[in-house]
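output the structure for:
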Amino acid sequence: MTATLLNLGSLWRFAASGWLYALWFVPMLLLVFVIAAALSRRDLHRFVEPDLGQRMGARGGGLAGVIRATLLLGAAVLLILGVVRPQSDPQVQPIEHSGRDVCVVLDVSRSMLADDVAPNRLERAKMWIGDALGVAGADQLALVAFAGSSTVLCPPTRDHDYFRLTLREAGPHSVVRGGTMIGDALRHVAHEVFHIGSGGSDADDGVEPRFRDVILITDGEDHGSFPVEAAAVLGQAGIRLIILGIGTESGSPIRIPVDGGGWEYVKDRSGERVITRLDSQTLAEMAVATPGGKYFPVADGTIRFDAIYRELIRESEQNAPELVERLAYTERFQIFLLAALVVLLFEPLVMMRRGIR
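Predicted coordinates:
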């Protein structure tokens, strides 16, 4: 691996490459200069005698104007190149990772679209998870979305930017079947993410289950998937379950967007609006079934989940440090910003020199 990384040699890269689109500003700025010069010449010929106009043009326009425009355009290019953070000379650096393995299990069923929590339950849950990412450190994160079926949207990774991207895209469309099968989702986590045998034995990938956590965010309305029993399987393996219950126990109707704009309420076969309610009792029983499990009945309130994540996960016992290699690049943006500053300082001297002559 080291040899492969070193073969990259002195390659350059841009750490903030999205700002390269700002280069489209340069031809627009050139067009502004051309139009301004044309308007200036028109006004000069309209209000000034020809002989005087020629002398004024010689002092402020012509070659000097071209040079000034070129300098300003060059400074703009240099500034943009500085903003995109050019980097070079990659060096292989060994670093130690020590964290926990955390799987976030997110309910994306239509009941999570209820708006008893603004803007709705699902979007509020995503906000909480996003807050926790800021304190996740070197934890390895996975994301599982579930409704009537479950799917791994993000396998275990320390690339938290990728995790955030998959979290942003999660929704009812992420799964193939509607409903809410919490127990099936936890069994899916046990088998597909943590590789735990059906009997609740230790994971077969060499990582101790006591360094693992499952964060479940749901309204708790289950459709007969035996969630407490599924939580017990995780508990037997030593995996902790941290649950956030969202939504009100009094219930709320479910609004979904419709084609062409607007909203409509989900109705049952008899035409009555479907009311979704938080099932705190089941969720509390699930948390108790795991060692150190916690249940937070957030209901329609709010919660500092980043603080909870830090206290329960980051300050808990961590995996043994793992030595990995990464490429560290040398920042080169200073060169371009300094060059842009020099060009901007030199540009006024062009007119001053023309004026002295």
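
grab the nearest non-local neighbour of the residue nearest the centre of the chain.
Closest to where the C-alpha atoms of the chain average out (CA atoms, centre = their mean) is Arg164, at 3.6 Å. Nearest residue to Arg164, sequence neighbours excluded (CB to CB, 6 or more residues apart in numbering): Leu133, at 6.0 Å. Yep, even glycine has a C-beta here, placed from its N, CA and C like the rest.

one more: Ser250?
Per CB to CB, 6+ apart, closest to Ser250 is Arg277, 7.0 Å.

likewise Arg210?
Arg210's closest residue in space is Gly238 (CB to CB, 6+ apart), at 4.7 Å.

do the same with Phe25
That would be Ala76: by CB to CB, 6+ apart, it lies 6.7 Å from Phe25.

and Ala147, by the same measure?
Going by CB to CB, 6+ apart, Ala147 has Ser109 as its nearest residue, at 3.8 Å.

that neighbour and Ser174: what is the separation?
Here the distance between Ser109 and Ser174 works out to 10 Å (CB to CB, to the nearest Å).

of those two, which one has the most company?
Ser109 (26 against 19; other CB atoms under 10 Å).

in stretch 217-237, which residues are buried?
Within stretch 217-237, the residues scored as buried using 16 or more other CB atoms under 10 Å are 217-222, 225, 227-228, 230-237.

among these, name the ones in strands.
Ile217, Thr218 (DSSP state E).

in helices only, show me the buried residues of stretch 217-237.
Pro227, Val228, Ala230, Ala231, Ala232, Val233, Leu234, Gly235, Gln236 (DSSP state H).

distance to His191 added to the residues you listed, as TSV?
As requested, those are arranged in TSV below (distance: CB to CB, whole Å):
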residue	distance to His191
Pro227	16
Val228	18
Ala230	11
Ala231	15
Ala232	15
Val233	10
Leu234	11
Gly235	16
Gln236	14
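
so which residues of the stretch 251-357 of the chain form helices?
Along the stretch 251-357 of the chain, the stretches classed as helices by DSSP state H, counting those that start in this stretch are 280-288, 305-309, 333-356.

pull out the buried positions in the longest one.
This means helix 333-356. Phe333, Phe336, Ala339, Ala340, Val343, Leu344, Glu347, Val350, Arg354.

do the same with stretch 283-302
For stretch 283-302, by 16+ other CB under 10 Å, it's 283-290, 293-300.

now do it: distance from first to last residue.
18 Å (CA to CA, to the nearest Å).

just the strands in the stretch 1-150 of the chain please.
All strands of the stretch 1-150 of the chain, identified by DSSP state E, counting those that start in this stretch, fall at 13-14, 86-97, 101-107, 140-146, 150-157.
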